[in-house]
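Engineer: Need the 3D shape of this:
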Amino acid sequence: MKKVISLLLLFVIFSCGIDDDILHTHIELKELYDDSELAGLSVAIVDNRKVLYQNSFGYSDINKNRRYTNHTIQNIGSISKTFIALAVMKAVEQGKLDLDANINTYLPFDIIHPLHPEKPITVRHLATHTSGITDKEVYFKSYVFENPAQVDASIYPEDYQPIIELIKKNIKIDDSVFFENVLSVSGPWYSQDTFLENAPGEKYEYSNIAAALAAFVVESATGISYEDYTHKYIFDPLHMNATGWGFADVNMQSHATLYYAKDFEVPRYSLITKADGGLITSTSDFGKYLIEMMRGYQGKGKLLSTASYKEMFRLQSKHDEIKEAMGGIFWDINNNKTIGHTGGDPGIITACMFDPVKNRGYYLMTNTSEEFNINIERSIDKIWNALINENSNRNY
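Structural biologist: Residues are numbered from 1 along each chain as shown. Just a heads-up that it's a prediction; the model follows:
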């Protein structure tokens with residue numbers, strides 16, 4: 001039966017006019033998935049005009065025997081930050097935001113670097129991870145379990161149990177309250193340890209909190225909720241109809257169950273600072289977005305002006321921890337050749353990249369994460385390398 005299904009699949013691939021390279025990639029991906037411990041997997045290859053290849057493997061819900069498809073949705077982790085980049089640049093285009101303005105120009109409360117009060121934090125600092133704001137343990141306060149009473153911390157490895165217990169106590173609050181609690185000097189969670197010793201603009205330090213704050217700055221500057229703003233200026237124009245920022249914003253019947261392992265489900269959770277990692281989407285929808293990003297890089301995009309896309313993808317910060325990588329506005333630029341981002345959270349791993357020279361874009365997402373199983377990470381690396389058909393890794 002498996003052989004019959006494989007032959008039928010090959011017929012479909014050939015009938016769609018797929019070239020030999022992509023056919024080889026499909027066969028290799030299928031073999032790598034079958035050898036992995038992933039629950040589900042979805043991938044896409046695009047150029048600047050269309051989807052060239054899109055396929056899914058495995059299960060979105062193992063117990064319910066529900067297959068993972070190109071229309072299965074899940075949160076995509078830090079790739080969500082690339083949507084903040086678009087929102088920021090759109091607000092700049094509209095004259096409502098200045099990249100080099102003090103963020104306190106827009107915020108309802110002041111945020112000041114405690115060690116460098118004379119040096120204002122700007123929107124550009126937030127968007128290039130050079131604000132001096134860091135992610136300490138306080139960031140875990142952003143995670144909220146949907147049913148905390150049903151979460152048993154004792155089944156987790158011992159070093160994870162304190163974090164699970166901390167998250168179980170979290171309650172849903174507005175992101176504006178979160179930012180004020182953490183970053184305003186009068187906030188109950190405020191600590192100078194949340195800031196680097198370096199002044200704003202001096203050092204690259206990847207920060208989820210700072211990224212999400214950039215989205216809140218957009219909201220404050222435009223007077224439109226970040227959710228509505230991104231729907232109006234990104235999702236709707238691209239017809240990303242399955243995409244949203246929360247469970248109430250999407251069709252939950254299409255949502256994947258998330259896994260640490262095939263027999264270890266992740267309790268359903270959400271992020272208060274959803275803009276930094278909480279976008280829910282499908283491979284089908286993300287393919288549309290990736291095509292637009294490639295077209296935007298080439299001066300052919302429809303969401304932003306050519307000048308705005310150039311600014312978004314311009315080299316602006318150096319990643320100290322990754323020798324070859326530089327940063328644009330929330331995008332990573334590898335060795336001045338490829339542009340991409342990755343994402344990771346409990347139960348998910350994602351990666352996207354496009355190569356302007358080859359005119360190819362790649363996307364991967366899985367509903368299985370690597371915290372407790374090194375084999376997951378190894379499998380994802382092999383799958384990603386097979387997808388992009390070159391010996392590179394997921395760290396851009």
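Engineer: ok, residue 156 touching residue 164?
Structural biologist: Yes - the criterion here is CB atoms under 8 Å, and residue 156 meets it with residue 164 at 5.4 Å. (Glycine included, C-beta is placed from N, CA and C.)
Engineer: show me what contacts residue 33?
Structural biologist: Contact analysis of residue 33 by CB atoms under 8 Å, 6 or more residues apart in numbering lists 41, 57-58, 383.
Engineer: Apart from its neighbours in sequence, what residue is nearest residue 293?
Structural biologist: residue 354 (6.4 Å; CB to CB, 6 or more residues apart in numbering).
Engineer: Can you list phi and psi of the one you found for me?
Structural biologist: Taking degrees, to the nearest 10, you get phi -140, psi 150 for the backbone angles of residue 354.
Engineer: got the contact list for it?
Structural biologist: Counting by CB under 8 Å, 6+ apart, residue 354 has contacts 46, 290, 293-294, 297, 338-340, 360-362.
Engineer: Which one's more surrounded, residue 156 and residue 164?
Structural biologist: residue 164 (21 against 18; other CB atoms under 10 Å).
Engineer: about what we covered before: turn the contacts of residue 33 into TSV, including pLDDT.
Structural biologist: Output for these, formatted as TSV (pLDDT from 0 to 100):
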residue	pLDDT
41	98
57	98
58	98
383	97
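Engineer: where does the stretch 51-200 of the chain have low pLDDT?
Structural biologist: For the stretch 51-200 of the chain, no stretch has pLDDT under 70.
Engineer: what do you get for the stretch 201-350 of the chain?
Structural biologist: For the stretch 201-350 of the chain, the ranges with pLDDT under 70 are 319-325, 336.
Engineer: all helices in it, in order from the N-terminus.
Structural biologist: Per DSSP state H, counting those that start in this stretch, the stretch 201-350 of the chain carries helices over the ranges 208-222, 226-230, 236-238, 283-297, 306-313.
Engineer: which among the contacts of residue 33 gets closest to residue 26?
Structural biologist: Within those, the smallest distance to residue 26 is 10.2 Å, found for residue 57 (CB to CB).
Engineer: where does that closest one land in three-state SS?
Structural biologist: Three-state assignment for residue 57 (DSSP: H, G, I helix; E, B strand; the rest coil): strand.
Engineer: just checking, it touches residue 32?
Structural biologist: No - applying CB under 8 Å, one finds residue 57 not in contact with residue 32, separated by 9.2 Å.
Engineer: hang on, the earlier thing: beta-bridge partners for the residue nearest to residue 293, please?
Structural biologist: residue 339, residue 361 (DSSP bridges).
Engineer: how near is it to residue 137?
Structural biologist: 35 Å (CB to CB, to the nearest Å).
Engineer: can you check residue 125 too?
Structural biologist: For residue 125, the distance to residue 137 - CB to CB - is 23 Å.
Engineer: now, the most widely separated pair of the contacts of residue 33?
Structural biologist: Top of the distance list for the contacts of residue 33 (CB to CB): 58 and 383, 11.6 Å.
Engineer: what about these two, which has more around it?
Structural biologist: Each of residue 58 and residue 383 has its neighbours counted (other CB under 10 Å); residue 383 has more, 25 against 19.
Engineer: Could you name the helices and strands sitting against the helix or strand where the more buried one lies?
Structural biologist: Taking DSSP states H and E as the definition, one finds residue 383 inside helix 374-388. If contacts are counted by 3 or more CB pairs under 8 Å, 6 or more residues apart in numbering; DSSP states H and E, helix 374-388 sits against helix 20-34, strand 40-46, strand 348-355, strand 360-366.
Engineer: now the longest one and strand 40-46, what's the angle there?
Structural biologist: Relative orientation of helix 20-34 with respect to strand 40-46: 170 degrees, computed using axes from the mean of the first three to the mean of the last three CA atoms, to 10 degrees.
Engineer: could you give the mean pLDDT of helix 20-34?
Structural biologist: Average pLDDT, helix 20-34: 90.
Engineer: burial of residue 239, as a residue count?
Structural biologist: 10.
Engineer: where's it relative to residue 285, distance?
Structural biologist: In terms of CB to CB, residue 239 sits 8 Å off from residue 285.
Engineer: got it, and residue 168?
Structural biologist: 32 Å.
Engineer: same thing with residue 84?
Structural biologist: 17 Å.
Engineer: When these two are compared, which one has more neighbours?
Structural biologist: The neighbour count for residue 84 versus residue 285, taken as other CB under 10 Å, is higher for residue 84 (26 against 22).
Engineer: Hmm, that one is touching residue 127, no?
Structural biologist: Yes - if you go by CB under 8 Å, residue 84 and residue 127 touch, sitting 7.4 Å apart.
Engineer: contacting residues for the residue nearest the centre of the chain?
Structural biologist: Computing the C-alpha centroid of the chain and ranking residues by CA atoms, centre = their mean puts residue 79 first, at 1.9 Å. With contacts defined as CB under 8 Å, 6+ apart, the neighbours of residue 79 are 279, 341-343, 350-352.
Engineer: Could you find the closest non-adjacent residue to residue 285?
Structural biologist: residue 240 (4.2 Å).
Engineer: so the one you found makes contact with residue 281?
Structural biologist: Yes - the criterion here is CB under 8 Å, and residue 240 meets it with residue 281 at 6.7 Å.
Engineer: Overlap in contacts, the two.
Structural biologist: In contact with both residue 240 and residue 281: residue 289, using CB under 8 Å, 6+ apart.
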